[in-house]
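Participant: 3D model of this:
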Amino acid sequence: MGLYDVHAHLTHAAFDADREAVIARARAAGLTSIVSNGLNPRDNAAVLELARREPIVRPALGFYPVDTVLVPMRAAGVDYPREGDECTADEGIAYLRDHVEEAFAVGEIGLDGYWVPEPFWPEQERVFRALVELALAADKAIIIHTRKREARALELLEELGAKRVNWHCFGGKVKLARRIAERGHYLSIPANARRSESFTRMLETLPRERLLLETDCPYLGPEPGVQNEPANVAGTAGYAAQLWGCSEQEASAQLAANFERLFGVAP
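Facilitator: The predicted structure is shown next:
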């Protein structure tokens, strides 16, 4: 049994100065797995390289929903406040096709209606379908990012028959989160849960066997303005135990069993 972080971004530039120390602190906090999620081909390659150096890191290879349509969005003059290496949708799909067998999971992938205007949604859905189909063919669990398009993402996942699914940092209504859990999917709770009414409510009311832990580090720290890191999932596990009225050991055992059930391996 061990703690884990099911959604981290250890390749983020925020960790360039102390990445090894961050991983060491995670081990000291009791973590045995950190699932580091890629955003595009270059980031995926960095995730794979980090996983080769650090056995605690499990590589999730993905294609961030905004990135899937970023090239046509830029061409159309749509503002998106992030610079970086961009690739076409087909290049991103091809990378995952070539490397999916090296992945611990496929993610993060999904739909985003916050940054992406509606005219680009059909293309975003085309890419999402292709990535889900690659994950299913390779028998890999899927890690979902959705923003403002949660219900549609669920529709597509059900249509495609995806069952081994985790919804990271779910921002929709708790009622929809219950529907997702009823479908047998999982939802991961980030380290800012104590200061989030929505995440607290999810911990309190969703089936315990459908919950996981994440940080989304370096984002969503336990305190405002504090850089997040994987070690902070220990605090979320303690908070879950408090809400569930059980010992931290019991809460950690439940959460570890959930991790093993989704990914087919012990944390």
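
Participant: I'd guessed residue 134 sits against residue 103; true?
Facilitator: No - between residue 134 and residue 103 no contact is recorded; they are 9.6 Å apart, counting by C-beta atoms under 8 Å. Every residue, glycine included, has its C-beta placed from N, CA and C.

Participant: wait, isn't residue 188 in contact with residue 180?
Facilitator: No - contact between residue 188 and residue 180 fails when scored by C-beta under 8 Å: they sit 11.6 Å apart.

Participant: related to what we said a few turns ago, find the residues that touch each one of residue 134 and residue 103.
Facilitator: Counting by C-beta atoms under 8 Å, 6 or more residues apart in numbering, the residues touching both residue 134 and residue 103 are residue 96.

Participant: Have a look at the two and say which one is more surrounded.
Facilitator: residue 103 (24 against 19; other C-beta atoms under 10 Å).

Participant: pLDDT at the more buried one, what is it?
Facilitator: According to the predicted model, the pLDDT of residue 103 comes to 98.

Participant: For beta bridges, what are the partners of the closest residue to it other than its chain neighbours?
Facilitator: Closest residue to residue 103 apart from its sequence neighbours, by C-beta to C-beta, 6 or more residues apart in numbering: residue 61 at 4.3 Å. For residue 61, the beta-bridge partners are residue 106 (DSSP bridges).

Participant: wait, what's in contact with residue 61?
Facilitator: Neighbours of residue 61 in contact, by C-beta under 8 Å, 6+ apart: 38, 44, 47-48, 95-96, 99-100, 102-103, 105-107.

Participant: about what we covered before: show me whatever sits in contact with both of residue 188 and residue 180.
Facilitator: residue 167.

Participant: Looking at the two, which is more packed in?
Facilitator: Comparing residue 188 with residue 180 by other C-beta under 10 Å, the one with more neighbours is residue 188, at 30 against 24.

Participant: Distance check, the more buried one against residue 259.
Facilitator: As for residue 188, its distance to residue 259 is 10 Å (criterion: C-beta to C-beta, to the nearest Å).

Participant: Also residue 87?
Facilitator: 31 Å.

Participant: okay, the two: which has more neighbours?
Facilitator: residue 259 (25 against 18).

Participant: List the residues that contact the more buried one.
Facilitator: Residue 259 sits next to 4, 6, 33, 212, 266-267 when contact means C-beta under 8 Å, 6+ apart.

Participant: in which helix or strand would I find residue 167?
Facilitator: strand 165-168 (DSSP states H and E).

Participant: Just checking: what are the partner strands of that strand?
Facilitator: Strand 165-168 sits in its sheet next to strand 141-147 (parallel), strand 186-189 (parallel), going by DSSP bridges.

Participant: quick one: which of the contacts of residue 61 sit in helices?
Facilitator: 44, 47-48, 95-96, 99 (DSSP state H).
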